[in-house]
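Student: Got a sequence here, can you build the structure:
(2 chains)
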Amino acid sequence: MQPKEVKEALGTGVVIEAIQSMSGAESIAPDHMGRGRMPSQGYIPKAIAVDAALRREVEELLFHQAALLDNKAWGEWAELFSEDGVYWMPSTPLQTDWRREASIFAEDRLLMEVRMGRLLHPNAWSQAAQWGTNHIVGNIVIEAATPTTLEVYSRFQMMEMRRDQVRHFGGSYRHTLVKQGEDWKIQLQRVDMTNGQAAYDYVIQAWV
Amino acid sequence: MQPIDLANLVQPDRVHKSVYTDQALFDLEMEHIFEKAWVYCGHESQVKEVGDYFTMQIGRQPMVMVRDTDLSVSVLYNRCPHRGVALCGNQSGNTGKGFVCSYHAWSFHLNGKVKAIPLVKGYDGTRMHTDNADCSMVPAARVDSYRGFVFASLGKEGPGLIDFLGEAKIAFDDMCDRSPVGEVEAVPVCHRVVQHSNWKFFMENQLDALHPSVTHQSTGVSARRVEQRLKRENGSAPLFFHYLSTFASSFDQWDSVQTVNFKYGHGILKAYMGLRPTDPDTVEYEALIKKAYGEEKGEEYLARSIHHVLIYPYLSVQSPLQQLRCLRPMAPNKTLSEIWHFRLKGVPEAIYERSLWYFNLVNSPATMINADDLENWTKGQLGLESKGGEWVSFHRNYGGDTEKDGVLYSNNGTSEVVMRNQFIAWESYIRAAIQPKATA
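Tutor: Just a heads-up that it's a prediction; the model follows:
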């Protein structure tokens, strides 16, 4: 092609406009949904009005829990739960019954005791590796309150270091708290982890 | 690539460390074992509706299992024939009445045949026309299923699925026969865990009866303490404490659990957990099974002594508790496992919960058991990559096993016949792969 021909070729053109007709993949397969099914609705918390002192108490409990986990104070951590307390990490946000679902964690106080006993056993081989976590808890929403019960939503971000690797886990907590004497105890801690169904590089050994 | 000296890689009582670490050997395994033998894709119930799909790796190949409009299940390469783009972008989902490529909208029927190409006139006079198979998605060379479990082989040649499974097909019989209607359904939660070690560590570990009381002592002892307290206080403890506490059994006890080792490296670790307590739920369930199959057959099904069945080189089926783990090797030192459990159709909820609690406590990503296995395998891989030694020893009870009709029975539960048998299979796969070159 001579330079002159290129000049001629570039001298004419078209303007295409988005017109109201089927375009792209839609014109080939009109009912195809390349995006897949719409994801199911997650959980959007609704705040109620509570006094500042109560809010402060709840925050302190959540922050204290994070500190106990990050310091591997398993015994004290388990004591945050009521005798009928349950720690539950479902596999999907749609799960509703900790006893009957394929879970990541589903532990009452007895199973917490088994896990704690394992973590502290002299021959818990996988505990030899240096590891630690850092929890940040925030976005706290108190959703329901009676004098003896509270429903609390929050979000967490957890960094875990194990040997030379760092992993991140994040998601939401939903706590059902019950008043026992002066203290609020955890009756149910539901942990919906955003990356709970992503592939795990290694596994999780302690509560998140 | 260096010529492979098989005689110095696999010996009857030991193997060279490079079978766990060498990239060229890994590539050979992928090409000649995983991409030729029958590989597990998934269960039919994972793709119930027309258009439901599940993607998985077979060897290094990205594949998709999909339910077709005629309700058959296809296994196709997840690849558009135009420019190679993957057609399904998620692990599972529904692709509707067909596949549509997100790049240039080539579309395909659910059996992979091309349906439409945009501006198709542009292909006039070229070799790419819609009645050319090159314009369609490529199916797996062979697809077959056994009792709802779907397998594909990317090689045209070789034994059929039933021949490949051999006696190890009892994995699926034992699972399904425990349902009064003979069927199971996948629970749609697939945990995935990556191990930083060669896939063989997993396969060897599954039938290794010497390791549990060492590796899992911490969990076994801790669970036993709580279990015994509950028994003292209440007279009984939930069965799932037993799942964990048995790991604390003595070496002698483990030595009494036998293994049965089959052709192609498959094998069985016989049962060691008592799964037939006499509580009302179990009594009701056993009556249900005997009603469905008759007293004799029912008893046979309930009494089968199986803990794990291994289908070499990638599957571990714990049939009495309906658990299944499937390996997808990623690199010599990296392996993904897909972890599933199944619901027995037609049984009371209490019986499903046995399977569920095993899944939650032993096979979830917060497992109290595999945490220590994975630690071993990571350290194992590290050791094998060193120059501190050349060989991996499988000498335990060497020469002390019994062979009958090609099946190897361990006289001691902790016999390393399990690994020796797996390497007989591995050696023959690799021998078949390199022989043509050797004679060339």
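Student: hang on, residue B:340 is in a strand, isn't it?
Tutor: Yes. If the criterion is DSSP: H, G, I helix; E, B strand; the rest coil, then residue B:340 is within a strand.
Student: Report how many residues lie close to it.
Tutor: A count of neighbours around residue B:340, defined by other Cβ atoms under 10 Å in any protein chain shown, yields 22. Just so you know, the C-beta spots here come from the backbone N, C-alpha and C atoms, and that holds for glycine as well.
Student: Return the set of residues that bridge with the spatially closest residue to it that is not a sequence neighbour.
Tutor: Leaving aside its sequence neighbours, residue B:340 sits nearest to residue B:324 (Cβ to Cβ, 6 or more residues apart in numbering or on different chains; 4.7 Å). When bridges are called by DSSP bridges, residue B:324 pairs up with residue B:317, residue B:340.
Student: residues touching residue B:324, list them.
Tutor: B:315, B:316, B:317, B:318, B:339, B:340, B:341, B:342 (Cβ atoms under 8 Å, 6 or more residues apart in numbering or on different chains).
Student: Could you dump those residues into JSON lines and include pLDDT and distance to residue B:381?
Tutor: Compiled in JSON lines, those are given as follows (pLDDT from 0 to 100; distance: Cβ to Cβ, whole Å):
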{"residue": "B:315", "pLDDT": "98", "distance to residue B:381": "21"}
{"residue": "B:316", "pLDDT": "98", "distance to residue B:381": "19"}
{"residue": "B:317", "pLDDT": "98", "distance to residue B:381": "25"}
{"residue": "B:318", "pLDDT": "97", "distance to residue B:381": "24"}
{"residue": "B:339", "pLDDT": "98", "distance to residue B:381": "20"}
{"residue": "B:340", "pLDDT": "98", "distance to residue B:381": "25"}
{"residue": "B:341", "pLDDT": "98", "distance to residue B:381": "28"}
{"residue": "B:342", "pLDDT": "98", "distance to residue B:381": "31"}
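Student: wait, what's in contact with residue 130?
Tutor: Let's take chain A. A:161, A:162, A:163.
Student: Chain B is the one I meant
Tutor: B:114, B:117, B:120.
Student: okay if I get those residues as CSV plus neighbour count, secondary structure and pLDDT?
Tutor: Below are these laid out as CSV (neighbours: other Cβ atoms under 10 Å in any protein chain shown; DSSP: H, G, I helix; E, B strand; the rest coil; pLDDT from 0 to 100):
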residue, neighbour count, secondary structure, pLDDT
B:114, 25, strand, 97
B:117, 20, coil, 95
B:120, 15, helix, 93
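Student: of the contacts of residue B:324, buried ones?
Tutor: The neighbour-count criterion (16 or more other Cβ atoms under 10 Å in any protein chain shown) marks B:315, B:316, B:317, B:318, B:339, B:340, B:341, B:342 among the contacts of residue B:324 as buried.
Student: Which of these sits closest to chain A?
Tutor: Comparing the buried ones among the contacts of residue B:324 against chain A with Cβ to the nearest Cβ places residue B:341 closest, at 6.8 Å.
Student: returning to what we had before: so for the residue nearest to residue B:340, what's the pLDDT?
Tutor: Per-residue pLDDT puts residue B:324 at 98.
Student: And the strands in chain A?
Tutor: A:81-90, A:103-108, A:131-145, A:149-162, A:165-180, A:183-193, A:200-201 (DSSP state E).
Student: Which one of those lies nearest to residue B:280?
Tutor: Of all the strands of chain A, it is strand A:103-108 that lies closest to residue B:280, at 22.1 Å by Cβ to Cβ.
Student: Can you list the strands that that closest one pairs with?
Tutor: Short version: by DSSP bridges, strand A:103-108 pairs with strand A:81-90 (antiparallel).
Student: mean confidence for the partner strand?
Tutor: In the prediction, strand A:81-90 has an average pLDDT of 98.
Student: Which residue is it, in the stretch 301-440 of chain B, that comes closest to chain A?
Tutor: For the stretch 301-440 of chain B, Cβ to the nearest Cβ, closest residue to chain A: residue B:375, 3.9 Å.
Student: which residues sit in contact with whatever residue of the stretch 101-250 of chain B ends up closest to chain A?
Tutor: Using Cβ to the nearest Cβ, the closest approach of the stretch 101-250 of chain B to chain A is made by residue B:222 at 2.9 Å. Counting by Cβ under 8 Å, 6+ apart, residue B:222 makes contact with A:113, A:114, A:115, A:116, A:117, A:118, A:121, B:244.
Student: how near is the second one to chain B?
Tutor: Residue A:114 is 5 Å from chain B, where distance means Cβ to the nearest Cβ, to the nearest Å.
Student: Now for that residue, how many residues are close by?
Tutor: Once other Cβ under 10 Å is used to define contacts, residue A:114 is seen to have 25 neighbours.
Student: Pick out the most distant pair among the contacts of residue B:222.
Tutor: Most distant of the contacts of residue B:222, by Cβ to Cβ, are A:116 and B:244, 13.4 Å apart.
Student: The residue of the stretch 101-250 of chain B closest to chain A belongs to a helix?
Tutor: Yes. Residue B:222: assigned to a helix according to three-state DSSP.
Student: How about it, nearest residue that isn't a chain neighbour?
Tutor: What sits nearest to residue B:222 in space, not counting adjacent residues and going by Cβ to Cβ, 6+ apart, is residue A:117, at 2.9 Å.
Student: Who are the contact partners of the one you found?
Tutor: B:218, B:221, B:222, B:223, B:225, B:226 are the contacts of residue A:117 under Cβ under 8 Å, 6+ apart.
Student: How about residue B:101?
Tutor: A:25, B:80, B:82, B:85, B:87, B:107.
Student: residue ranges with poor pLDDT in the chain?
Tutor: Let's take chain A. A:1 (pLDDT under 70).
Student: was after chain B, sorry
Tutor: B:1, B:436-440.
Student: mind running it again at 50?
Tutor: Counting by pLDDT under 50, the ranges of chain B that qualify are B:438-440.
Student: Show me where the stretch 301-440 of chain B has its helices.
Tutor: Ranges of helices in the stretch 301-440 of chain B, per DSSP state H, counting those that start in this stretch, are B:349-358, B:370-384, B:417-439.
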